[in-house]
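Asks: Task: produce atomic coordinates for the following.
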Amino acid sequence: MKKFIFIILVIMLMASFSFASPFLVCDPQAGVTLYKVTGPIWIPVSIPAQPDGSIKLDVAAANIGNNSLTIKACKQDELWGELCSDAVPFVFIKPLVAVPPANMKLSK
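Replies: Got it, this is the predicted structure:
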């Protein structure tokens, strides 16, 4: 019984860590298969769409301070190839998590 409870606790702990990051998301978009993203170096160039056509981008690796992205929704067309929307800007600020210690010195 103790092993069963331990396994359940481990599974719950793992699940809470896997969904802890902030995500950039959008409403479902019919037919969208790919999102093209431009911005800082931590951004992947392309992100596959979720099954409902939405985007889910983990922004935990974002730089502290201002982050500016542009995002295009794209789909594949049999006749025209890849079709993309106009770029949409998205700006957010990642706050500094902790304030560094001030007035460091030695004391008796």
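Asks: Low-confidence bits of this protein, can you list those?
Replies: 1-20 (pLDDT under 70).
Asks: give me that answer again for 50
Replies: 16-17 (pLDDT under 50).
Asks: mind listing the strands for it?
Replies: Per DSSP state E, the chain carries strands over the ranges 23-25, 34-38, 46-48, 56-58, 65-77, 81-84, 88-94.
Asks: Please identify the deepest-packed of the ones you listed.
Replies: Highest mean neighbour count among the strands of the chain (mean count of other CB atoms under 10 Å): strand 34-38, with a mean of 18. Every C-beta, even on glycine, is put in place using the N, C-alpha and C of the backbone.
Asks: Contacts for stretch 34-54 next, please.
Replies: Residues from elsewhere that reach stretch 34-54 (CB atoms under 8 Å, 6 or more residues apart in numbering): 25-33, 55-57, 61-63, 67-76, 82, 84, 87.
Asks: Kindly format the C-alpha coordinates of that stretch as PDB.
Replies: The C-alpha coordinates for stretch 34-54 follow below in PDB (Å, rounded to 0.1, in the frame of the first residue of the first chain):
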ATOM      1  CA  LEU A  34       2.400  25.400 -38.400                       C
ATOM      2  CA  TYR A  35       3.300  28.700 -36.800                       C
ATOM      3  CA  LYS A  36       6.400  30.700 -37.900                       C
ATOM      4  CA  VAL A  37       7.900  32.800 -35.100                       C
ATOM      5  CA  THR A  38      10.600  35.500 -35.200                       C
ATOM      6  CA  GLY A  39      12.200  37.100 -32.200                       C
ATOM      7  CA  PRO A  40      15.000  36.500 -29.700                       C
ATOM      8  CA  ILE A  41      17.400  33.500 -30.100                       C
ATOM      9  CA  TRP A  42      15.500  31.300 -27.600                       C
ATOM     10  CA  ILE A  43      12.500  31.200 -30.000                       C
ATOM     11  CA  PRO A  44      12.200  28.200 -32.300                       C
ATOM     12  CA  VAL A  45      11.800  29.200 -36.000                       C
ATOM     13  CA  SER A  46       8.700  27.100 -36.500                       C
ATOM     14  CA  ILE A  47       6.200  25.500 -34.100                       C
ATOM     15  CA  PRO A  48       3.800  22.700 -35.100                       C
ATOM     16  CA  ALA A  49       0.200  23.600 -34.400                       C
ATOM     17  CA  GLN A  50      -1.700  21.800 -31.700                       C
ATOM     18  CA  PRO A  51      -4.400  19.300 -33.000                       C
ATOM     19  CA  ASP A  52      -7.000  22.100 -32.800                       C
ATOM     20  CA  GLY A  53      -4.800  24.500 -34.800                       C
ATOM     21  CA  SER A  54      -3.700  26.600 -31.800                       C
END
